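In: Here is a sequence with its predicted model. Questions after.
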Amino acid sequence: MQNKYTLEELLHKAASYCSISERCISEVEAKLTIWDVAPEDRKEIIVRLQKDDFINEQRFCNAFVKDKFRFNKWGKIKISLALSAKELDKTLINKAISLIDEGEYEEMLASILKKKLQSISYSYEYEKQGKLFLFAQSKGFEAAIIEKVIRRITLSP
């Protein structure tokens, strides 16, 4: 099927799409595919959007990490997997994840585990810790940090 827009119109439409929110190449590629843009035109549009800084994958990674950590309360593993699914370079992902403050990271985990602690039922201490551990793992936090925070919050009054 032939697209009814010219290349310049598609470029403008894609630039508008990128202006609404940070986008990565794979998201723009998917949108252009939905718009039925020919593969060679998709490549040209993406190159021009990158050149004009509408698409900047490091900026996208940084914003994604910040949003998923602060608003969704995701751990580094889950964030990394989500970014990898968007076909982003591992170096960009690692650089963005390194921007998370370790103290803030532990405090976020402690906060969500304390909240979770109020809603779980358990018969034994190890059952409580197991449930908290699994919950934190499902949020994408690393085992070592989970153990450290569980120890801290279950030992403190």
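Out: Great, that's in hand.
In: Export stretch 49-56 to PDB, keeping only CA atoms.
Out: Output of stretch 49-56 as PDB, limited to C-alpha atoms (Å, rounded to 0.1, in the frame of the first residue of the first chain):
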ATOM      1  CA  LEU A  49      15.400  12.900  13.300                       C
ATOM      2  CA  GLN A  50      18.700  11.900  15.000                       C
ATOM      3  CA  LYS A  51      20.600  14.600  13.100                       C
ATOM      4  CA  ASP A  52      18.100  17.200  14.300                       C
ATOM      5  CA  ASP A  53      18.200  15.700  17.900                       C
ATOM      6  CA  PHE A  54      14.500  14.600  18.000                       C
ATOM      7  CA  ILE A  55      15.900  11.100  18.700                       C
ATOM      8  CA  ASN A  56      18.700  10.800  21.200                       C
END
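In: As a check, name the ranges of all helices in the protein.
Out: For the chain, helices defined by DSSP state H occupy the ranges 7-20, 25-34, 39-51, 57-70, 76-85, 90-97, 102-117, 125-138, 143-155.
In: Run a quick neighbour tally on residue 57.
Out: Residue 57 has 22 neighbours, counted by other Cβ atoms under 10 Å. For glycine as for every other residue, the C-beta is placed from the backbone atoms N, C-alpha and C.
In: and the gap between the residue located most distally from the centre of the chain and residue 26?
Out: Farthest-out residue of the chain from its mean C-alpha position, per Cα atoms, centre = their mean: residue 123, at 35.5 Å. Separation of residue 123 from residue 26 (Cβ to Cβ, to the nearest Å): 46 Å.
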